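In: after the sequence you'll find the predicted model.
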Amino acid sequence: MKVFLGLGNPGKEYANTRHNVGWWVLDHLADVWRLDGWRKDGEALTSSGSVGAIKVRLVKPQTFMNLSGAVLKPWLRRPFWAAATDLLVISDEVQLPVGTYRFRARGSAGGHNGLKSIEQALGSQEYARLRIGVGPSDPQRRVGDLAEFVLGEFGKQEAADTRALLPTFETALQQWAKDGIGPVMNTFNSTT
């Protein structure tokens, strides 16, 4: 089973914030892939189904960002599941401007507390990730307080630019489920 873990914070007050773009992607996938409705599963909300012949599960941790990795503990005990090939984490990235993204097969958390928690739970940096740009489009604009910035809501145009990427993510993530991260990086990272 392929697991898509979207990082975000639970609660209506966080729904439209930069930190929750991982959940935006999962909501889009659940809709277009016509997966089961969201249900409580331990410390997460999950939606499951199939994309073609591939079983998938979308996971939204309900632990808040800094403890996101806790939801992976049950997966680590599965005999035929490996984070390096079966997990893709979707997160915001303040170092990338809005409207851009980057797929990676591995790497550091880069200061992102949700990714730090994932890394700690896995004991590894070997997992695929999609980092979605939430940083200022204007390189002259300063972020200021980072926590305040990522927990702030997108502007109207920023939200529209981010949502415009959802069909691209749908195609790329479907390819990841089928072919792995290498072909996805080769095809999609060249456009950012």
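Out: Thanks, I have it.

In: what about the helices in this structure?
Out: 21-32, 73-76, 83-86, 113-122, 146-150, 156-163, 166-179, 181-188 (DSSP state H).

In: buried ones in the first one?
Out: For helix 21-32, the neighbour count (16 or more other Cβ atoms under 10 Å) marks 21-30 as buried. All C-beta atoms are positioned from the backbone trio N, CA, C, and that covers glycine.

In: of these, closest to residue 185?
Out: When those are compared for distance to residue 185 (Cβ to Cβ), residue 25 wins out at 17.0 Å.

In: circling back to that earlier point, just put the helices of the chain in CSV and tack on distance to residue 63.
Out: Shown next, in CSV, are those (distance: least, Cβ to Cβ, whole Å):
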stretch, distance to residue 63
helix 21-32, 13
helix 73-76, 11
helix 83-86, 18
helix 113-122, 8
helix 146-150, 17
helix 156-163, 24
helix 166-179, 23
helix 181-188, 25
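
In: quick one: closest of those helices to residue 128.
Out: Taking the helices of the chain one by one with Cβ to Cβ, helix 181-188 is closest: 4.2 Å.

In: for the residue most central in space within the chain, which residues are in contact?
Out: With distances taken as Cα atoms, centre = their mean, residue 90 lies nearest the centre of the chain, 1.2 Å away. Residue 90 sits next to 4-7, 21-22, 25-26, 129-130, 132, 169 when contact means Cβ atoms under 8 Å, 6 or more residues apart in numbering.

In: partner residues bridging it?
Out: Beta bridges link residue 90 to residue 6, residue 130, judged by DSSP bridges.
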